[in-house]
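> How does the following fold in three dimensions:
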Amino acid sequence: MKFLCARVLSFAFIPILALTLLAAAAPALAKNQGLLSVPQRSWIQARGVIKVGAFKDYPPFGFVDQDGNAQGISIDFWRLLAKKLDITVSFFPLQFAGQLKGLKNSRFDSLAGIFKMPEREKSFDFTKPYCVINTYIWVTPRHKEVKGWAGLKGLKVGAVTGDSGEVLAQEHGLKVQGFGDYQQAVLALAKGDLDAIVMDELVVAFFLWKHRLKGAALKVGEPVDKGEMTLPVDKGNAILLDILNQGVAAISDAEWEAIVARWIGR
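Numbers count the residues shown, from 1 in each chain. As a prediction, the model looks like this:
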């Protein structure tokens, strides 16, 4: 029986860090290929390799190592999904705009992860979500009394240029200091060069853990935005959509938690 499971993970390096997880349970099968029907297996065999556009600058969800190889939570998730389905996957890291373009022109079969949005539904179909990423306001300990947007008036607020955090802050009338990447913004907050940042929970958690900055940043209030991460396919590609949905359903909560813990820590 399938069900949705929302779980809160607590990590020692920062108070009240939560990640809402969505994963469907599935019975264990003797063979991976038993997940797929004969037509689905034939389609996979004809396709050969499933090509996936991946993030190159969105740690820990997706980034590249020093050799240019795709790494991160989304990549580990895809690798496990591929193992469950007994399929071969190849990753192509690039900027997000290039990912969308590549999926539209059939360079890619899917992407490492994408939010389902009305304008994207015109071009793509989407699997069931496999995680929810929350965006929060983060402050230094001296500003822990801040409760929301109104409390940021007059404070030094940072965000990555072009990121949704910057857009949200500007929509609330805030002057935002832009940064070229996520690490720069998080470290600026930790050093006290900023009073607050607006950023996705996973990203901040990763850099606080990586640089051992326990207590240097606190998230305040409720999420100011959230997005359900899905695997997209070209519009009308029902057979691949069904295949990927089976893979998403086959990954257990424990397996997902192990992936997250590898990149953020317990």
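
> hey, let's count contacts and neighbours off CA atoms from now on
Will do.

> For the chain, which segments are assigned as strands?
Using DSSP state E, the strands of the chain run over 49-54, 57-58, 62-64, 70-71, 88-93, 110-111, 114-115, 124-126, 131-139, 157-160, 176-179, 196-200, 218-230, 232-234.

> Parallel or antiparallel, which strands does the last one pair with?
Strands that pair with strand 232-234, judged by DSSP bridges, come out as strand 124-126 (antiparallel).

> Equivalent analysis for the third one, please.
Strand pairing for strand 62-64, using DSSP bridges, gives strand 57-58 (antiparallel), strand 70-71 (antiparallel).

> thinking again about what came up before, could you point out which of the strands of the chain sits nearest Ala258?
When those are compared by Cα to Cα, strand 131-139 sits nearest Ala258, at 13.7 Å.

> From Asn134, how far off is the residue lying closest to Gly148 once chain neighbours are set aside?
Nearest non-adjacent residue to Gly148, counting by Cα to Cα, 6 or more residues apart in numbering: Gly221, 6.2 Å away. According to Cα to Cα, to the nearest Å, Gly221 and Asn134 sit 12 Å apart.

> between those two, which one's more packed in?
Asn134 (19 against 14; other Cα atoms under 10 Å).

> about what we covered before: and the pLDDT at the residue nearest to Gly148?
Looking at Gly221, its pLDDT is 92.

> how far away is Val64 from Lys210?
16 Å.

> Compare the two (neighbour count), which wins?
Between Val64 and Lys210, counted using other Cα under 10 Å, the more crowded position is Val64 (19 against 12).

> what about the residue nearest to that one when sequence neighbours are not counted, neighbour count?
Of all residues not flanking Val64 in the chain, Ala70 sits nearest, at 4.6 Å (Cα to Cα, 6+ apart). Ala70 has 22 neighbours, counted by other Cα under 10 Å.

> wait, isn't Ala70 in contact with Pro93?
Yes - assessed by Cα atoms under 8 Å, Ala70 is found in contact with Pro93 at 6.0 Å.

> domains of this structure?
Domains of the chain are assigned by automatic domain parsing as 32-130+231-250, 133-226.

> Distance check, Val186 against Leu174.
18 Å.

> Of these two, which one has the most company?
Val186 (29 against 20).

> Skipping adjacent residues, who's closest to that one in space?
Val204 (6.5 Å).

> Check Trp138 too.
Closest to Trp138 by Cα to Cα, 6+ apart is Lys219, at 4.2 Å.

> So what touches the worst-scoring helix or strand of the chain on mean pLDDT?
The weakest-scoring helix or strand in the chain, judged by mean pLDDT, DSSP states H and E, is strand 57-58 (a mean of 86). With contact meaning Cα atoms under 8 Å, 6 or more residues apart in numbering, strand 57-58 is reached by Phe63, Val64, Gln95, Asp181, Tyr182, Val203.
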